[in-house]
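J.: Make a model of this:
(one chain, ligands or ions: 2)
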Amino acid sequence: MPKRRLSERQIERIKAIQERRRERLASRPESALAEIDAETEPEAGRVVVRHGANLAVEGANGHLFHCLSRQNIGHPVCGDRVVWQRIADDQGVVTAIQPRATVLSRPDFNGHDKALAANLTRLLVLIAPEPEPSGYLIDQYLVAAALIGIDAVIVGNKMDLLQGEARRAFEQRFAHYPAIGYRTFWTSLREPETLAELTASMAGETSVLVGQSGVGKSSLVKALLPDREIQIGRLSKATGLGRHTTSATTCYRLPNDGFLIDSPGVRSFRLGAIDRDALQQGFREFQPYLGRCRFADCRHRHEPDCAILDAVARGLIHPQRLANFQHLLGN
Ligand SMILES: Nc1nc2c(ncn2[C@@H]2O[C@H](COP(=O)(O)OP(=O)(O)OP(=O)(O)O)[C@@H](O)[C@H]2O)c(=O)[nH]1
Ligand SMILES: [Zn+2]
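T.: Ligands and ions are numbered 1, 2, ... in the order given. Down below sits the predicted model:
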């Protein structure tokens, strides 16, 4: 669009409008932000922090803007690509959420799904020799990743706690995962060089880290983000939230052109209640056999002509995976 040359009077008018906006923002920042009809050009951006109604949006040029969103557009979350308009030097209003490729959600207290993060591409499932990995938790996360439509990898951390045969035995317990296409990494934060392969694999991805308490999530996040404090400082300044941003969902920039979306809420994400069909979809190696059992509603327990039991007997499905499937099915 060709730029119009503005008359002195028009420039004065715009300045006056901007001044009134600034005053309104100063007096009632939240409501003013949402009400204002921004007259600036819409811009593309990405939500990098969400804390309640407050957002930090990264504009195309990498600058950060404190934004609220229009009432009627839904709730932007971390990772959302949005359209926004500037209403002051460092403030804006989000006017549209671009369609989400993927979304991580959890049920709220009413049981409705509430989005936590958007456009993620990878789930990192962290385990460790200590605490002892829960038998079915990995599978629960893998099912969740499949339902979200993202890739998942397994990271065995704290491997310095095991040596020799004990270490080999631990790795062997999880060897059926790479066999069905889930990459596995063995790391120790005491030996930083063990992180190289994992960090390289995170380039170009938007990852989320999950795992039971004590496996080393906080420690790993610190190791993956050497400049985390600097990023937090920059983001809390932009949102005006101060240190509250530590509980906000945040999209950190990894050193090698990837992102990590993290918050206490995201870390404690778990698979919600799902039915048998959805659960089956989450077990990728079951796929070739589904629909091939004699009974359409086969539960793959003791039924005759069960294609899944047959695949287990032939060594094509690991018995532990079927046991975990049964456990998650809940009877
Ligand atoms: N030996 C060893 N200890 C580790 C390693 N990584 C983390 N730890 C220790 O394990 C303990 C738990 O680590 P955290 O990073 O707090 O684990 P977390 O998963 O964030 O735990 P929650 O906050 O409870 O969810 C701490 O004492 C860490 O120092 C590791 O690679 N090797
Ligand atoms: Zn069956």
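J.: from here on, contacts and neighbour counts on C-alpha atoms
T.: Will do.
J.: where does the protein come near ligand 1, residue by residue?
T.: 157-158, 160-161, 188-190, 213-219 (C-alpha under 6 Å from any ligand atom).
J.: Sort out which of the residues you listed are buried, if you could.
T.: Neighbour counting over those (16 or more other C-alpha atoms under 10 Å) leaves 157-158, 188-189, 215-217 as the buried ones.
J.: So which of those are in helices?
T.: Using DSSP state H, the members of these that fall in helices are Lys217.
J.: next helix or strand past the helix or strand of the chain with the lowest mean pLDDT?
T.: Across the helices and strands of the chain, mean confidence by mean pLDDT, DSSP states H and E is lowest for helix 29-35: a mean of 51. Sequence-wise, the next helix or strand downstream of helix 29-35 (DSSP states H and E) is strand 43-51.
J.: Mind checking the pLDDT average for that next one?
T.: Strand 43-51 shows an average pLDDT of 94 in the prediction.
J.: returning to that earlier point: which two of the buried ones among the residues of the chain next to ligand 1 lie the greatest distance from each other?
T.: Greatest spatial distance in these: Ser188 and Lys217, 11.8 Å, computed using C-alpha to C-alpha.
J.: Now render the buried ones among the residues of the chain next to ligand 1 as TSV, adding pLDDT and distance to Phe259.
T.: Converted to TSV, these look like this (pLDDT from 0 to 100; distance: C-alpha to C-alpha, whole Å):
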residue	pLDDT	distance to Phe259
Asn157	98	20
Lys158	98	23
Ser188	98	21
Leu189	97	20
Val215	97	21
Gly216	97	19
Lys217	97	16
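J.: all strands of the stretch 101-250 of the chain, in order?
T.: In the stretch 101-250 of the chain, the segments counted as strands under DSSP state E, counting those that start in this stretch are 103-107, 113-118, 122-127, 151-156, 184-186, 206-210, 249-253.
J.: Rebuild those strands as a markdown table, extending it with distance to Lys15.
T.: Shown next, in a markdown table, are the strands of the stretch 101-250 of the chain (distance: least, C-alpha to C-alpha, whole Å):
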| stretch | distance to Lys15 |
| --- | --- |
| strand 103-107 | 41 |
| strand 113-118 | 37 |
| strand 122-127 | 46 |
| strand 151-156 | 50 |
| strand 184-186 | 57 |
| strand 206-210 | 40 |
| strand 249-253 | 34 |
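J.: Those strands into JSON lines, with extra columns for mean pLDDT, distance to Arg81 and mean neighbour count?
T.: As requested, those are exported to JSON lines (pLDDT from 0 to 100; distance: least, C-alpha to C-alpha, whole Å; neighbours: other C-alpha atoms under 10 Å):
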{"stretch": "strand 103-107", "mean pLDDT": "89", "distance to Arg81": "12", "mean neighbour count": "20"}
{"stretch": "strand 113-118", "mean pLDDT": "92", "distance to Arg81": "9", "mean neighbour count": "19"}
{"stretch": "strand 122-127", "mean pLDDT": "98", "distance to Arg81": "17", "mean neighbour count": "24"}
{"stretch": "strand 151-156", "mean pLDDT": "98", "distance to Arg81": "20", "mean neighbour count": "22"}
{"stretch": "strand 184-186", "mean pLDDT": "98", "distance to Arg81": "30", "mean neighbour count": "19"}
{"stretch": "strand 206-210", "mean pLDDT": "97", "distance to Arg81": "13", "mean neighbour count": "23"}
{"stretch": "strand 249-253", "mean pLDDT": "94", "distance to Arg81": "12", "mean neighbour count": "24"}
